[in-house]
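Asker: sharing a model that was predicted from the sequence below.
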Amino acid sequence: MITGDGSSPSTPGCDCLAHRFGNAADRPGRRARYGSDLSDAEWALVRDLLPVPGWLAGRGGRPEGYCHRQMIDAVRYLVDNGIKWRAMPADFPPWPRVYAFFARWRDAGLVAELHDRLRETVRRAEGRDAEPSAAVIDSQSVKADATVALASRGFDAGKKVNGRKRHLLTDTLGLLLDVLVTPASTTDRDAARVLLPAARERFGRLARVWADGGYTGHLVDWSTAQLDIVLDVVRRSDDTRGFQVLPRRWVVERSFAWFLRSRRLVRDYERRPDTGEAVVLWSMTMLMSRRLAARHQCPAAKAGQAA
């Protein structure tokens, strides 16, 4: 049964764009039941940050037939649990519809738009400027599944990994600024020549980037001369044995650890590199929405205890 406001009893209070202006009122809702589902507190924060679809902004296209919250929950379930698309649980919309939603948001840059809005909100909540002035860069080599074509994979001789490499640029909080997925044979310096100019164009305040020894050489002088960015290489001492936390470099290493909580990112299963980049963005939106929801709930919980 559909209520007067267009929501179903199993999605109380749902007022996503598809419900309000599309034809999602004809579709049954679902009750949150998985750990990856958006909580009501998360949805209250994310709902206002959602990109406006083209059909609603007058750019044409067909209105969505499913609730945005259902679709986002389905994508989050896939990213968090690492399932195949065809293994989507039956209480979500049909997997071809979920994949079409994922592909549309990937190709139109909508997931990147949502991610960037969440990052700015988290930075403001932490008392930072919405735009970073410093960043950390590093890479991670991961094995590729058999579905990854030979043309988009390579061999990392240093890590002895046959697969792909994720190049990350994060702010000093560990929040993602940009990601680039390449064959594992791509050097860190070559990837940095793609990431750093793009970051300099997007973030006008960016002035310093910390990196490890893989970024030494002409890249340091090039970034200073061409981009007006100081590339500060944090070196590991030759006398150090075992694990050691290095200043600034540990920030991006922690970000890699955050991503590996999402099973879809333990390996690279994606045929297209930009799909792998989109999965990284979805993983980070999960982390940020949960962090924001926890921050908003803590003052309320303290107020309740005081009362």
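Answerer: Ah, there it is.
Asker: count the residues that sit near Arg104.
Answerer: Neighbourhood size, Arg104 [other CB atoms under 10 Å]: 15. Placement of C-beta: from N, CA and C, glycine included.
Asker: can you pull the contacts of it?
Answerer: Contacts here follow CB atoms under 8 Å, 6 or more residues apart in numbering; on that basis Arg104 touches Leu110.
Asker: with Arg76 instead?
Answerer: Residues near Arg76 by CB under 8 Å, 6+ apart: Ser36, Asp37, Leu38, Trp282, Met286.
Asker: tell me, how many residues neighbour the last one?
Answerer: In this case it means Met286. Residues near Met286, counting by other CB under 10 Å: 22.
Asker: same deal with the third one?
Answerer: Here the number of neighbours of Leu38 (other CB under 10 Å) works out to 22.
Asker: my guess is Ser133 meets Ala207, correct?
Answerer: Yes. Between Ser133 and Ala207 there is a contact under CB atoms under 8 Å: 5.6 Å.
Asker: quick check: buried residues in stretch 151-169?
Answerer: Neighbour-count burial for stretch 151-169 flags 152-154, 156, 161-169 (criterion: 16 or more other CB atoms under 10 Å).
Asker: state the distance spanning the first to the last residue of it.
Answerer: Using CA to CA, to the nearest Å, the end-to-end distance of stretch 151-169 comes to 25 Å.
Asker: just the mean pLDDT for it, thanks.
Answerer: In this model, stretch 151-169 has an average pLDDT of 95.
Asker: repeat for stretch 283-298
Answerer: Stretch 283-298 comes out at a mean pLDDT of 92.
Asker: hmm, back to that, now the two most distant members of the contacts of Arg76.
Answerer: Largest separation among the contacts of Arg76 by CB to CB: Asp37 and Trp282, giving 13.8 Å.
Asker: and those two? which has more neighbours close in?
Answerer: Trp282 (24 against 19).
Asker: correct me if wrong: that one contacts Ala74.
Answerer: No. Distance between Trp282 and Ala74: 11.0 Å, which falls outside the contact criterion (CB under 8 Å).
Asker: the stretch 201-307 of the chain: strands as residue ranges?
Answerer: Secondary structure of the stretch 201-307 of the chain, counting by DSSP state E, counting those that start in this stretch: strands at 208-211, 230-233.
Asker: most tightly packed of the ones you listed?
Answerer: Greatest average neighbour count among the strands of the stretch 201-307 of the chain goes to strand 208-211 (a mean of 22), per mean count of other CB atoms under 10 Å.
Asker: and stretch 195-209, end to end?
Answerer: From its first residue to its last, stretch 195-209 covers 11 Å (CA to CA).
Asker: can you check stretch 200-215 too?
Answerer: 17 Å.
Asker: what's the answer for stretch 173-190, then?
Answerer: Across stretch 173-190, first to last residue, CA to CA, it's 25 Å.
Asker: which parts of it are buried?
Answerer: 174-189.
Asker: before we move on, the earlier item: among the contacts of Arg76, which ones are in helices?
Answerer: Counted as lying in helices by DSSP state H, out of the contacts of Arg76, are Trp282, Met286.
Asker: domains of the protein?
Answerer: 17-108, 132-262 (automatic domain parsing).
Asker: just send those domains back as CSV, with distance to Arg272 too.
Answerer: Shown next, in CSV, are those (distance: least, CB to CB, whole Å):
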stretch, distance to Arg272
domain 17-108, 9
domain 132-262, 8
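Asker: among the ones you listed, show the one with the smallest mean pLDDT.
Answerer: domain 17-108 (a mean of 82).
Asker: check contacts around the nearest residue to Met71 once chain neighbours are set aside.
Answerer: In space, and not counting its chain neighbours, Met71 is closest to Phe101: 4.6 Å by CB to CB, 6 or more residues apart in numbering. Contacts for Phe101 (CB under 8 Å, 6+ apart) come out as Glu64, Tyr66, Met71, Ala74, Val75.
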